[in-house]
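Visitor: sharing a model that was predicted from the sequence below.
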Amino acid sequence: MPDHAPPPADPSLLSAFRDILGPTGLLAEPDDIAPHLSDWRGLYKGQAMAVLRPASTEEVAACVKLCAAQGIAIIPQGGNTSMVGGATPEARPRQVVLSLARMNRVREVDTADMTMTVEAGLVLARAQQVAAEHGVMFPLSLGAEGTAMIGGLLSTNAGGNTTVRYGNARELMLGLEVVLPDGSVINGLRRLRKDNTGYALRHLFVGAEGTLGIITAAVLRLFPAARETATALCAVPSEDAALALFRRFRAADEGAVRAFEYMSGIGMGMVQATIEGATLPLSAPAEHYVLVDLSASREGAGLRGLMEGVLEAAMEAGEVEDAALAESEGQRAAIWRLREEHPEAQKRAGASVKNDVSVPVSAVPELIRRASAACRALIPGSRPVPFGHMGDGNIHMNLAQPEGMAAADFLARSHDIMDTVNEVVRDLGGSFSAEHGIGRLKTDMMESWRGGAELDAMRRIKAALDPQGIMNPGKLLPDA
Ligand code: FAD
Ligand code: MLT
Ligand code: ZN
């Protein structure tokens, strides 16, 4: 994507923002703005006249009012870990990035109601830590948890490793505070499990990717802390065996399965080759792996016995070839690292095209087989790297470039690759966007997947809430 020179900043506008935000709340120097203008993968670059860094909901509302009056577009940004360019501005004049990073307070933790009220800029790992300090747990977990923020996670309806047990970000949210595109504020920080009071507006903003307003705070659900865990890395002979193993664990004790993640031999090889200290705790490499993570809030739940019993039966049935059980927290973390480093390893191993797709859980093996074969046929020498959240049907059907091919030539085929994978996904009744969202990457797919009345209704909602189209333009919805 082309690099664009920043537009000349309008001094009177910058001083109006500075009046609202104070000297530390505004970035206007090119070097300060630069990190906010591109994405984690370095695929997109845009421009902005400034980065606004409000410290309170009132400051967000005042900035939005000013932007609305001046017709300035706003790109909300959390940790900027979007995989689809959602938080990267486009190359348009008269726009600002609004970073939530300074709004990172925990407003309240209530262990009677099992809720936590936090601001949008709180980093996920910190939210997990604060919950742990109160003897409870916030279960959302993903590789970017050290950087991604609550507002971004809700705005993308992030999934991650624990969806199989706790659901997506949406299911972990009870109430929201949102600044609308005209600067008015919805004060919806209710911590009620039941609240049928008209349209559930809070859910409209979850997954809206910053196109309908700015989430400034949220009430999150908490859960009892895990008192017992059991974690294993298994080598399995096939995709079908991986699914059979998942069904075994589900049948044995569905409530105990915290995560069930699939990895391929190619992906694991990339992690070992590119990530320092990543070693396989098995006797030999395999073509397919599964990470099983069990947890219980009750001490003496017998998870170790459950794990061993299920794996033993699976080995007898030929579904598992080898397995390593974590004997300590350190070993558990080392096993998880092999999984969590997949995105970084792929980044280091050259260009890759991401296909964040989902299918019914029963169709995951067929998805992996058919999409891998179709990609190899499309680009000989390319390396399918399927991995991810098998337990909820979300596989990252990513494709790495052939060794020796120019990255630009491979990336020029991105849309052919996505179309090839999506053809299989559609045939299996799946979705072309499982957890990362639409962002800039997939707007042009909306018409063919969600066209007709569904897309039309989305456009009418957008027009009703954001008639000027100032909220994150160019994202999620294709241009009319
Ligand atoms: P950003 O990237 O800053 O923004 C994401 C979108 O939300 C943008 O459209 C932005 O405009 C909007 N937005 C941000 N904050 C707000 C707000 N307060 N109000 C309104 N709109 C807002 N995702 C998963 O779902 N599961 C995974 O397992 C997973 N693993 C990842 C692993 C790695 C290594 C990386 C780099 C990313 C991964 N992601 C994953 C993708 C990413 O972390 C998620 O999409 C995350 O939810 C983005 O959070 P963020 O704070 O970085 O948001
Ligand atoms: C993950 O689960 O690690 C990411 O969502 C997948 C990716 O990097 O494609
Ligand atoms: Zn994922």
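Guide: Sure thing, it's come through. Numbering: from 1, shown residues only. Ligands and ions are numbered 1, 2, ... in the order given.

Visitor: distance of Asn80 from ligand 1?
Guide: Distance of Asn80 to ligand 1, computed by CB to the nearest ligand atom, to the nearest Å: 4 Å. Heads up, the C-betas are built off the backbone N, CA and C, glycines and all.

Visitor: residues in contact with that residue?
Guide: 35-36, 39-40, 87-88, 147, 152 (CB atoms under 8 Å, 6 or more residues apart in numbering).

Visitor: give me the buried positions along the helix or strand that contains Leu245.
Guide: Assigned by DSSP states H and E, Leu245 falls within helix 239-253. By 16 or more other CB atoms under 10 Å, the buried positions in helix 239-253 come out as 239-246, 248-250.

Visitor: which secondary structure elements does that helix contact?
Guide: strand 228-236, strand 257-264, strand 288-296, helix 303-316, helix 364-378 (3 or more CB pairs under 8 Å, 6 or more residues apart in numbering; DSSP states H and E).

Visitor: angle of the longest one against strand 257-264?
Guide: The one in question is helix 364-378. Computed by axes from the mean of the first three to the mean of the last three CA atoms, to 10 degrees, the angle separating helix 364-378 from strand 257-264 equals 30 degrees.

Visitor: chain neighbours aside, what residue packs nearest to Ile72?
Guide: Closest residue in space to Ile72, ignoring its immediate chain neighbours: Arg94 at 5.1 Å, by CB to CB, 6 or more residues apart in numbering.

Visitor: can you list phi and psi of the one you found for me?
Guide: phi 50, psi 60 (degrees, to the nearest 10).

Visitor: could the helices and strands packed on helix 239-253 go into CSV alongside distance to ligand 1 and mean neighbour count?
Guide: Formatted as CSV, the helices and strands packed on helix 239-253 follow (distance: least, CB to the nearest ligand atom, whole Å; neighbours: other CB atoms under 10 Å):
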stretch, distance to ligand 1, mean neighbour count
strand 228-236, 17, 22
strand 257-264, 10, 23
strand 288-296, 13, 24
helix 303-316, 23, 16
helix 364-378, 16, 19
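
Visitor: ok, which of those comes nearest Ala55?
Guide: Comparing those against Ala55 with CB to CB, the closest turns out to be strand 257-264 (35.6 Å).

Visitor: report the distance from the closest one to the chain centre.
Guide: Centre-to-centre, strand 257-264 and its host chain are 16 Å apart (CA atoms, centre = their mean, to the nearest Å).

Visitor: can it be found next to ligand 2?
Guide: No: Strand 257-264 lies out of reach of ligand 2 by CB under 6 Å from any ligand atom, never closer than 8.2 Å.

Visitor: between the next helix-or-strand element following that strand and strand 288-296, how big is the angle?
Guide: Using DSSP H and E, the helix or strand that follows strand 257-264 in sequence is helix 265-274. Relative orientation of helix 265-274 versus strand 288-296 (the same axes, to 10 degrees): 80 degrees.

Visitor: and the average pLDDT for helix 265-274 is what?
Guide: What helix 265-274 shows for mean pLDDT is 98.

Visitor: so what's the residue count around Gly469?
Guide: 17 (other CB atoms under 10 Å).

Visitor: was I right to think Arg339 contacts Leu291?
Guide: Yes: using CB atoms under 8 Å, Arg339 is in contact with Leu291, at 5.1 Å.

Visitor: quickly list what's touching both of these two.
Guide: Counting by CB under 8 Å, 6+ apart, the residues touching both Arg339 and Leu291 are 261, 263.

Visitor: at the contact with ligand 1, which residues of this structure appear?
Guide: 40, 75-83, 86-87, 100, 120, 142-144, 148-149, 151-153, 155-156, 158-160, 209-210, 214-215, 343, 435-436, 439, 472, 475.

Visitor: out of these, name the ones that lie in helices.
Guide: 151-153, 155, 343 (DSSP state H).

Visitor: most neighbours among the residues you listed, which one is it?
Guide: When neighbours are counted by other CB under 10 Å, Leu153 leads these with 32 neighbours.

Visitor: for that one, which non-adjacent residue is closest in space?
Guide: Leaving aside its chain neighbours, Leu153 sits nearest to Ala169 (4.9 Å; criterion: CB to CB, 6+ apart).

Visitor: burial of that neighbour, as a residue count?
Guide: Ala169: 26 neighbours (other CB under 10 Å).

Visitor: heads up, I number from 25, so please use that
Guide: All right, first residue 25 from here; so that's Ala193.

Visitor: surely it touches Leu166?
Guide: No: contact between Ala193 and Leu166 fails when scored by CB under 8 Å: they sit 9.9 Å apart.

Visitor: need the overlap of contacts for the two.
Guide: In contact with both Ala193 and Leu166: 182-183, using CB under 8 Å, 6+ apart.

Visitor: okay, and the beta partners of Ile210?
Guide: Beta bridges link Ile210 to Val202, judged by DSSP bridges.
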